[in-house]
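> Sequence first, then the predicted structure, then my questions.
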Amino acid sequence: MPADLHIHTNFSDGLLSPEDVVRKSHEMGLTAIAITDHDTVDGIPAAEAEGEKLGIKVIPGIEFTTDLPDTEVHILGYYIDYKAGWLLELLDRIKNDRVSRIYKMVGKLKNLGIRIDPEEILKLSDAGSVGRPHVARVLLQKGIVRNAQEAFNKYLDYNAPAYVPHFKLTPAEAVKAVVKAGGIPVYAHPGVSAKDEIIPELMAEGLAGIEVYYSGHSDFQVRHYLSLARKYGLLVTGGTDFHGLGTMRDKKIGDIKLADTYLIELEEYKRK
């Protein structure tokens, strides 16, 4: 049962609808996927409904975006109770902050001589979870940059001049939120944030896994994080981090296929 456990829809910064994501997953021969939109669960019901039609298991998930003083850390949550009232309230606060963040980024870009209407950016998110990739898409559309990567490198990355911090949710708080929602917290693409030293701290809060198999990880990083997962007794997960062709994460759904044994271990952990 090949699985891709890191997929975004147009309810955050992906390009495809939840239904199209499930259809594409079916075409690629997957039998299980996780919808892990940034700081929102709004795309899950539609994906689950389409999954039932096509025989695709849809794992309800999320990707929390959190900040440390010098980098971002992302926390995936699998099998969450995405209808929990307290969780929806938290996500609504984060969503409102994301909108405010866009206006602040537009202000910083204006100071750099780049004028963009924030409504153009918000329109791209279609009332979903808006973020830097939407800003990058507008910069690309206006010919200010040649591609999304250039937008991040020059303006939007962590230390770039138009960067604005997120809602102040720490990695530990995100882990605790996933646990409270009945889910399984996993450290997303650890090779990107390169903060291995926080793993024991996050485990104390309930971290249960590491995303070892990731489209942006080198072979060395895969071996390294597989070793760390074994060392700490953590679950191993993996996914493409699909956003859509033409984005910075220009990978196809299913380019990363998690081995059956890891998905089984994830399911067994959930049943404990």
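Nice, I can see it.
> what residue ranges in the protein are flagged as low confidence?
The chain contains residues with pLDDT under 70 at 127, 246-250.
> now the farthest one out in it, which residue is it?
In terms of distance from the mean C-alpha position of the chain, Gly113 ranks first, at 30.7 Å (CA atoms, centre = their mean).
> Just confirm Ile80 is within a strand.
No - read with DSSP: H, G, I helix; E, B strand; the rest coil, Ile80 is coil and lies in no strand.
> isn't there a helix covering the residue farthest from the centre of the chain?
No - applying three-state DSSP, one finds Gly113 to be coil, outside a helix.
> Does Lys195 touch His74 like I think?
No - counting by CB atoms under 8 Å, His74 is not a contact partner of Lys195; they are 10.8 Å apart. Placement of C-beta: from N, CA and C, glycine included.
> list the buried ones in stretch 198-214?
Within stretch 198-214, the residues scored as buried using 16 or more other CB atoms under 10 Å are 198-199, 202-203, 205-214.
> Just flag the most distant two among these.
Glu205 and Tyr213 (23.6 Å; CB to CB).
> now the strands for the stretch 151-272 of the chain?
184-187, 209-214, 235-239 (DSSP state E, counting those that start in this stretch).
> want to try CSV for those, with distance to Trp86 as columns?
Formatted as CSV, these follow (distance: least, CB to CB, whole Å):
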stretch, distance to Trp86
strand 184-187, 16
strand 209-214, 23
strand 235-239, 25
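> quick one: the nearest residue to Ala208 once chain neighbours are set aside from Tyr79, how far?
Spatially, and ignoring its direct neighbours in sequence, Ala208 is nearest to Ile184 (5.0 Å; CB to CB, 6 or more residues apart in numbering). Applying CB to CB, to the nearest Å, the value for Ile184 to Tyr79 is 6 Å.
> so what's in contact with these two at the same time?
Lys270 (CB atoms under 8 Å, 6 or more residues apart in numbering).
> Show me which of these two is the more surrounded one.
Between Ile184 and Tyr79, Ile184 has the larger neighbour count (other CB atoms under 10 Å), namely 24 against 19.
> State the number of residues packed around Ala46.
Counted with other CB under 10 Å, Ala46 comes out at 19.
> And the helices in the stretch 101-250 of the chain, which stretches?
Assigned by DSSP state H, counting those that start in this stretch, the helices in the stretch 101-250 of the chain fall at 118-125, 132-141, 148-151, 171-180, 190-193, 199-205, 219-232.
> Tyr163 is nearest to which of these?
Closest approach to Tyr163 among these is made by helix 132-141 (8.1 Å; CB to CB).
> List the residues that contact Arg98.
Asp39, Ser129, Val130, Gly131, His166, Phe167.
> export those residues to a markdown table and tack on distance to Phe242 and neighbour count?
Listed next are the contacts of Arg98 as a markdown table, based on distance: CB to CB, whole Å; neighbours: other CB atoms under 10 Å:
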| residue | distance to Phe242 | neighbour count |
| --- | --- | --- |
| Asp39 | 17 | 25 |
| Ser129 | 16 | 26 |
| Val130 | 19 | 25 |
| Gly131 | 16 | 21 |
| His166 | 22 | 17 |
| Phe167 | 24 | 18 |
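> Alright, I will stop here.
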